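Novice: Build me a model:
(one chain, ligands or ions: 1)
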Amino acid sequence: MFDGLKDKLSNFKKSVEEEAEADEADLDEAAEEPVDAEAEAEPAEPEVAESEPEPEPAAEPEPEADAAPTADEESSEADDAEDSGGSSRGMLERAKLAATGKTVIEEEDLEEPLDELELALLSSDVEMNVAQNILEGIRENLIGETRAQVKTTGHVVEEALHDALVDVISVGQFDFDEHIAAADKPVTIIFTGVNGVGKTTTIAKLSQYFEDRGFSTVLANGDTYRAGANEQLQQHAENLDRKIISHEQGSDPAAVIYDGVEYAQANDIDIVLGDTAGRLHTSNDLMDQLEKIDRVIDPDMTLFVDEAVAGQDAVNRAREFNDAAEIDGAVLTKADADPQGGAAISIAQVTGKPILFLGTGQDYDDLEPFDPEVIVDRLLGFEEE
Ligand SMILES: Nc1nc2c(ncn2[C@@H]2O[C@H](COP(=O)(O)OP(=O)(O)OP(=O)(O)O)[C@@H](O)[C@H]2O)c(=O)[nH]1
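Specialist: Numbers count the residues shown, from 1 in each chain. Predicted coordinates:
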């Protein structure tokens, strides 16, 4: 899952590692001369060295180095560095850090890899602002930060990537199971989205998900628009042995879902799952229907369903549906069909509403709760699927 993006993130890590390695070669050269010169220039050092035979005194320059990035110090050290052919920012300072077992990643080390990563994210359908936020997060996490060398550059980059991705993916996350358990029954959930993305299948999967957790469900077919919609939901209801509420084609969807809620109240059913017709956010009549469902039923939750493979289109639709008829969360289907990953990364940040589930196949149990940490671990190749 998300293999394309996974490869691109891994390339970013490699690029930063290569930049850092190239830098290290320069640092090694610089470390010899300036550090020796400084040792001669500072008479206090040998005394400390006597009392501590281990090369501990090398740790002494650390506070100096941490406090270093003032403009004046930087420019004077840059002069030193220029002599040894190093980078413009404090080669001596960095050599000192290296001697104390620390390393620092510089903005210039990141420039090229970050440009490449930006292109990679955009080409994976990550929304522009979301990509910018990820890059900003990485910059903040990496630049100028001193890290013990026990951590490899790759490790440090992974952490920065992990944190930046989790930040954008977890926007709006809440504990769905806890929310359902705590809500007054029956809980009514309405599903919206365009045609053919997997709404009906998702309803059937969620019915199974809820029953597995001890909640009873009734299916209400609010898709009174499309011929064959009743039969499709009916088939799922039969397969799962659930009650379905439906009216004939062309009738009022709000009335069907209302009947579903009444049935649930009368029969002690915990959750009403209401299908709706596939629609574009621009189909005024159909959007009016959604508005009416909202007004008449006042559902506990409206979930937007779209397919992960739709990438940027899914992101745009999520935004448009949320603007037209506010959603509480999203389900991304067909995550098994090798999507780029852009929709999974972008939707929460763009709508402010979380992705709650991934559809991972056509069977009823092919539904995975969306856990940002798990998704990011998967993207970074930490977790076997
Ligand atoms: N591979 C895969 N296929 C899925 C997934 N979810 C749904 N599908 C398939 O996608 C197709 C469309 O699913 P539906 O549930 O009919 O979609 P819909 O949004 O209800 O469609 P309309 O009722 O036409 O609006 C079906 O063939 C489903 O089996 C998924 O997570 N993975």
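
Novice: Could you list the contact residues of the stretch 51-200 of the chain toward the ligand?
Specialist: Taking Cβ under 6 Å from any ligand atom as the criterion, the neighbours of the ligand within the stretch 51-200 of the chain are 195-200. To be clear about C-beta, it is placed using only N, CA and C from the backbone, and glycine gets the same treatment.

Novice: Mind giving me the ChimeraX command for buried ones among the residues you listed?
Specialist: Selection of buried members from those for ChimeraX, criterion 16 or more other Cβ atoms under 10 Å:
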select :197,198,199,200
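
Novice: any idea which of the residues of the stretch 51-200 of the chain next to the ligand is the one closest to Glu248?
Specialist: Thr200 (17.7 Å; Cβ to Cβ).

Novice: and that closest one, helix, strand or coil?
Specialist: helix (DSSP: H, G, I helix; E, B strand; the rest coil).

Novice: What of the one 10 residues further on?
Specialist: Here Phe210 is helix, with the state taken from three-state DSSP.

Novice: residues contacting it?
Specialist: 180, 216-217, 270-271 (Cβ atoms under 8 Å, 6 or more residues apart in numbering).

Novice: ok, now with 6 Å
Specialist: 217, 271 (Cβ atoms under 6 Å, 6 or more residues apart in numbering).

Novice: any idea how far it lies from Leu9?
Specialist: Separation of Phe210 from Leu9 (Cβ to Cβ, to the nearest Å) stands at 34 Å.

Novice: what do you get for Ser251?
Specialist: 49 Å.

Novice: Quick check on these two: which one has the bigger neighbour count.
Specialist: Neighbours of Ser251 and Leu9, each counted by other Cβ atoms under 10 Å, are more numerous for Leu9; the result is 26 against 12.

Novice: who touches the residue nearest to the spatial centre of the chain in this structure?
Specialist: Centroid check for the chain by Cα atoms, centre = their mean gives Ile169 as the closest residue, at 2.6 Å. Applying Cβ under 6 Å, 6+ apart to Ile169 gives the contacts 345, 348, 372.

Novice: same thing but at 8 Å, please
Specialist: The contact partners of Ile169, by Cβ under 8 Å, 6+ apart, come to 344-345, 348-349, 355, 372, 375-376.

Novice: try Leu5
Specialist: By Cβ under 8 Å, 6+ apart, the neighbours of Leu5 are 120-121, 124, 126, 340-342, 345, 379.

Novice: close to the ligand, is stretch 267-275?
Specialist: No. Stretch 267-275 stays clear of the ligand (Cβ under 6 Å from any ligand atom), getting no nearer than 6.9 Å.

Novice: Go through the contacts of Ile169 and say which is closest to Thr276.
Specialist: Nearest to Thr276, judged by Cβ to Cβ, of the contacts of Ile169 is Ile355 at 19.2 Å.

Novice: and that closest one, how many neighbours?
Specialist: For Ile355, the count of nearby residues is 30 (other Cβ under 10 Å).

Novice: can you count the residues close to the closest residue to the ligand within the stretch 201-350 of the chain?
Specialist: Residue nearest to the ligand within the stretch 201-350 of the chain: Gly278 (3.0 Å; Cβ to the nearest ligand atom). A total of 20 residues lie near Gly278 under the criterion other Cβ under 10 Å.

Novice: show me what contacts the closest residue to it other than its chain neighbours?
Specialist: Nearest residue to Gly278 in three dimensions, chain neighbours excluded: Asn195, at 3.1 Å (Cβ to Cβ, 6 or more residues apart in numbering). By Cβ under 8 Å, 6+ apart, the contact set of Asn195 is 226, 278-279.

Novice: What of Gln362?
Specialist: Contacts of Gln362 by Cβ under 8 Å, 6+ apart are Thr201.

Novice: Look up how far Lys292 lies from it.
Specialist: 32 Å.

Novice: Hmm, Met128 is touching Leu122, no?
Specialist: Yes. Here Met128 reaches Leu122: they are 6.8 Å apart, a contact under Cβ atoms under 8 Å.

Novice: who's more crowded, the two?
Specialist: When neighbours are counted by other Cβ under 10 Å, Met128 and Leu122 differ, and Leu122 comes out ahead with 15 against 12.

Novice: so what's the more buried one closest to, chain neighbours aside?
Specialist: Spatial nearest neighbour of Leu122, excluding adjacent residues (Cβ to Cβ, 6+ apart): Ala131 at 5.7 Å.

Novice: now the helix or strand encompassing that neighbour: how far from the chain's centre is it?
Specialist: Using DSSP states H and E, the element containing Ala131 is helix 128-142. Remark: helix 128-142 is offset 12 Å from the chain centroid, using Cα atoms, centre = their mean, to the nearest Å.

Novice: for stretch 241-252, same thing?
Specialist: 37 Å.

Novice: What are the boundaries of the helices in the stretch 251-385 of the chain?
Specialist: With DSSP state H, counting those that start in this stretch, the ranges of helices along the stretch 251-385 of the chain come out as 253-267, 284-297, 312-324, 342-351, 372-379.

Novice: Next: the stretch 51-200 of the chain.
Specialist: Ranges of helices within the stretch 51-200 of the chain are 61-66, 71-83, 91-99, 107-123, 128-142, 153-169, 176-182, 199-212, based on DSSP H, counting those that start in this stretch.

Novice: now the ones you listed in CSV, with distance to Arg317 and mean pLDDT?
Specialist: Formatted as CSV, those follow (distance: least, Cβ to Cβ, whole Å; pLDDT from 0 to 100):
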stretch, distance to Arg317, mean pLDDT
helix 61-66, 48, 43
helix 71-83, 48, 42
helix 91-99, 48, 61
helix 107-123, 18, 86
helix 128-142, 15, 90
helix 153-169, 18, 87
helix 176-182, 21, 96
helix 199-212, 13, 97
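
Novice: Arg319: which of those helices is closest?
Specialist: The closest of those to Arg319 is helix 128-142. By Cβ to Cβ, the value is 11.0 Å.
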